[in-house]
Each structure stands twice: as C-alpha cells, then as structure tokens.
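**Q** A structural model of the following input is requested.
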Amino acid sequence: MAADSAIEVHDLTKIFRKGQVRALDGLSFETPRGTVLGVLGPNGAGKTTAVRILSTVLRPDGGGASILGLDVVKQAAAVRRTIGLAGQYAAVDENLSGRQNLTMIGRLSHLSGRVARQRADELLEQFELTDAAARSLKTYSGGMRRRLDLAAALVAEPPILFFDEPTTGLDPKTRQDMWAWTERLVAKGTTVLLTTQYLEEADRLADTVVVVNHGRAIAQGTPDTLKADIGTTVLLITLGDHEAARRAAGVVAPFGTHVPSVEAERVEMQVEHGARAGSEAMRALDAAGITVHGLVLREPSLDDVFLQLTGHRAESGSEEGPCEDQHPGLLDHDERERLRS
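**A** The predicted structure follows:
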C-alpha cells in the first residue's frame, strides 16, 4: 500500500443469488489521505455493495481492500474503529432522542460517558439540532434525521468517512449545508468516499472521481480531467414544444458526435468545433422551417461524462442492489439495547 493511500481496492468481486448476480466484477481504485473520492455509476452498478464491503458489513468473494493499511476482512474490528458511515438510510434509533442517539454511539465507540455527552452536544450544535436534542426521533423531519445520521458518523472523529448517497431526498439548503460540512472535515485531514447520484455534488466535492458500471471501474480521474477527455462542447437548443424538439433532433444529428437527446422542448448533443456546429445547426433548422427559441454552447459537465461512459444520464434515488442487507448501519439491536439499559 502506498504511504499516502487511505483506501485501496483491488479486483473486488461480490456475487449474489447463487451466482446469478455479479454485483462487483473486479473493481479497483484507490484514494490518497485527506481527499474526497467520488464514486459514480448507474443504479445497480455496485456502489453500495463496495461501501458495505469497505465498511466490513459484507465480505467479498474475491479480491481485497484495505483502509489505512488494514485489511477489511482480516482486520475488520480495527477497520470499524477507523471509519464512520452515513448511508442511504438513517442508521439511528427512532425510539431515542437525538442526544441519546449520539451519546449511545459515543459509548459504543469506547468514549467515556462525559466525553460522549460532550461530543453529542458539540455535534448537535454543529448540525443545528440543539433545539430538538431532547425530542424523540419520531418527531424529526427527514432532513433532521439525515443531519443526525451524519453527526452520528462523526462522534468518534474517524479519519475515514463513507457517505453513501447521503443527500438523497434532502432540500437544496440542507444539501448545500452538508457540502460545506464535508469540505470543512476534509480541510482538517479527513478522507471521504462519497457515492452520489447528484453529479454537481461530485463536481464540487470530489478530488478524484471513479465511474463504476456493471461492477467495474470504467474511468478514473479528476472531474476536470474527465470533462476535458470528452473533447467536445455541448450544444443545447430550445424549441417551442416536444414535437418541434423531436423534429429538430433529426435535423441537427449530422452535426454532433453522438445521437442527440431530447427532453421536453430541448435538444442536447455533443459537438466538435462548437461555434461552427452551432451556426450550421441554426442554418439547417431555419431551412427546415423550425423556429428556435434559444441556442447555447457550454462546456461539458460530469453529467455529460456519465452519459458518454454509461450510455444514459444519472438517475436520482437510491441504488437498488441485490444485497439482502438493506440496512448498512454498523450497530445492531442487541448493542443498542445494552447501552440503553
């Protein structure tokens, strides 16, 4: 393992349903300490399965992985002491209050009672939950639960954090707040592995991006490098309605490097020599008697990278994987009952 590596994954495989579903098929990547690694991919690509293996919830069927040099299978207990996990589903107990949840997790992390309570109060303030600290989680909104889940992952101040689509379903303000919290953590030296369906999230936060499809890494690099590798400009044409957009797509298709996509009244496609392609497209549309409401040339985004690599745009919502374990939390019911008593 490289001296500055935080996470290393080599040829991971994971098979479900008696060999019928290969969730991971030789996945490999690594990330340095104190950085954010964004893991992107379609639903079912294997992102959540990889996180569950790295967090020791699942055992791989082949290959290997290490966290700060610790083998995730052979040294699983030590790995669990170095990581925090905020998943797609809140890994907190709704029968407890916000403060009780965080204190319990602190005690499970071998903090003294005093330190656990102190950390709970610090995190409740940091995530703007102090006013609701004594309330049962049954009264929390979805955004409040997600903030508490992130706080729970930070109680023991782990050097490695796994964020598995942590902002899915959050309102824009809360999502922006979570981005800011993540940036502050990384500035202090924390390493973050982030899976997300929001490509603007990866574009803002990730130092490196890995695109996963069918259980394999099909591209890896910085967001800027991946966007530059496309080597094209995006032409966006706005028409009067969907039918006009459909007709326009057929007219401008010869000027693009890929088949145009049509969504509502808009046509979007990748082109080389953007200004020239835009002029030619306008002339062709005018000759066809199609009225254009707007035409814009823009630089590629991670969404365009995703489209080119996987053949479709990113989907919103949580990953539907074949894994039987649909709850990625690391604390089981018996441990919670022991500390509650």
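**Q** any idea how far the residue sitting furthest away from the middle of the chain is from residue 250?
**A** Relative to the centre of the chain, the most outlying C-alpha is that of residue 287, 44.6 Å out, by Cα atoms, centre = their mean. Distance, residue 287 to residue 250, by Cβ to Cβ, to the nearest Å: 13 Å. Glycine gets a C-beta too; all of them are placed from N, C-alpha and C.
**Q** thinking again about what came up before, how close does the residue farthest from the centre of the chain sit to residue 280?
**A** Counting by Cβ to Cβ - residue 287 and residue 280 are separated by 11 Å.
**Q** go ahead and confirm residue 275 touches residue 297.
**A** Yes - the criterion here is Cβ atoms under 8 Å, and residue 275 meets it with residue 297 at 7.0 Å.
**Q** out of the two, which sits in the busier spot?
**A** residue 297 (13 against 10; other Cβ atoms under 10 Å).
**Q** can you list the neighbours in contact with the helix or strand the more buried one falls within?
**A** Taking DSSP states H and E as the definition, residue 297 sits inside strand 294-298. Contact with strand 294-298 is made by 233-238, 274-275, 278, 281-282, as judged by Cβ atoms under 8 Å, 6 or more residues apart in numbering.
**Q** likewise for stretch 209-224?
**A** 13-14, 22-29, 37-42, 45-47, 49-50, 202-203, 206-208, 226, 229, 302, 305-306, 309-310.
**Q** list buried members of these by neighbour count.
**A** Buried members of those, scored by 16 or more other Cβ atoms under 10 Å, are 13-14, 22-25, 27, 29, 37-42, 45-47, 49-50, 202-203, 206-208, 226, 302, 305-306, 309-310.
**Q** which of these fall within helices?
**A** The members of the buried ones among the contacts of stretch 209-224 that map onto helices under DSSP state H are 47, 49-50, 202-203, 226, 302, 305-306, 309-310.
**Q** show me where the stretch 201-341 of the chain has strands.
**A** 208-213, 216-221, 233-238, 261-263, 266-271, 294-298 (DSSP state E, counting those that start in this stretch).
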